[in-house]
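> sequence and predicted structure are below.
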Amino acid sequence: MPQARGVSGGTPADRTAPRTVAVWDLPLRLWHWALAACVLVAWFTPPVYDRLHRIVGYAVLGLLAFRLVWGFWGSRYSRFRMIRVRLRAAPGYLWNLRRGMTGRYIGLNPAGTVMLVALMLALAVSAITGAMSVTTAFFGVWWVEDTHHYSSDAVIVLVVLHVLGVVLMGLLQRESLVRAMITGRKRIRGHSPGK
């Protein structure tokens, strides 16, 4: 019997090992971890290391631009094609999550989709206003500085919620989502550790 594409195989003696499928491609994984590193560096550098803060701010803009492109031309689970459907499903998903009903999504679940959109918007506002604040036209302008400050705070709040969500989903589904974002592979529906 031919093996499904992207599914890791095993010997007949190893039937207890969970089968996995490729989900997150390498460019998306590199983007995710590079963005996480930039956000951490940006949060801890102002105003003492202003030059480094600016560099990572511009890097965030570049990473956001890449993600927009990759959302249309990347691999299946990198694309934005399901965003509207998942955003509409998010309220019901979050309501059911209270009772531990998570459903099974190979790509982003509805809550993860909401987080992706919220984080990208907050990061875009933070990085754009940060870049504006060092120009001659907008240097010292109160609303630019305030918007940069509050959107940067919003990014950190969202990052904390994201990490908590990843931990919660990992516990509820008994699967390491951090490992999935490192290896790019997730367990196939119906296969769990020890089954």
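Sure, I can see it.

> secondary structure of Ala122: a helix, I assume?
Yes - inclusion of Ala122 in a helix is indicated when DSSP: H, G, I helix; E, B strand; the rest coil is applied.

> do you know how far it is from Asn96?
Distance check for Ala122 against Asn96: by Cβ to Cβ, to the nearest Å, it reads 26 Å. Quick note: C-beta positions are derived from backbone N, CA and C, even for glycine.

> again with Gly62
The separation that Gly62 has from Asn96, given Cβ to Cβ, amounts to 37 Å.

> likewise Ala137?
48 Å.

> which one's more surrounded, the two?
Asn96 (13 against 7; other Cβ atoms under 10 Å).

> okay, that one: pLDDT?
In the prediction, the pLDDT value recorded for Asn96 is 91.

> what strand or helix carries it?
In this structure, Asn96 sits in helix 83-97 according to DSSP states H and E.

> name the residues that touch that helix?
Residues from elsewhere that reach helix 83-97 (Cβ atoms under 8 Å, 6 or more residues apart in numbering): Thr102, Gly103, Leu108, Asn109, Pro110, Ala111, Thr113, Val114, Leu116, Val117.

> check stretch 35-48 too.
The contact list for stretch 35-48 (Cβ under 8 Å, 6+ apart) reads Leu52, His53, Val56, Gly57, Ala59, Val60, Leu63, Leu123, Ser152, Val155, Ile156, Val159.

> which one of those sits closest to Asp25?
The nearest member of these to Asp25, counting by Cβ to Cβ, is Leu63 at 15.4 Å.

> doesn't Trp31 make contact with the closest one?
Yes - between Leu63 and Trp31 a contact is recorded at 6.0 Å, counting by Cβ atoms under 8 Å.

> measure how buried Leu30 is and give me the count.
Neighbour count for Leu30, taken as other Cβ under 10 Å: 12.

> I meant to write Ala37 there.
For Ala37, the count of nearby residues is 12 (other Cβ under 10 Å).

> can you check Val163 too?
Per other Cβ under 10 Å, the neighbour tally for Val163 reads 12.

> give me the next element, helix or strand, following the helix or strand that Ser151 is a member of.
For Ser151, the element it lies in under DSSP H and E is helix 142-173. On the C-terminal side of helix 142-173, the nearest following helix or strand under DSSP H and E is helix 177-183.

> please save the CA atoms from that following helix in CSV.
Output for helix 177-183, consisting of C-alpha atoms alone and laid out as CSV, is shown next (Å, rounded to 0.1, in the frame of the first residue of the first chain):
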residue,chain,number,x,y,z
LEU,A,177,3.1,22.5,19.6
VAL,A,178,6.6,23.9,20.3
ARG,A,179,8.1,20.8,18.9
ALA,A,180,5.8,21.0,15.9
MET,A,181,7.1,24.6,15.2
ILE,A,182,10.7,23.2,15.4
THR,A,183,10.3,20.0,13.4
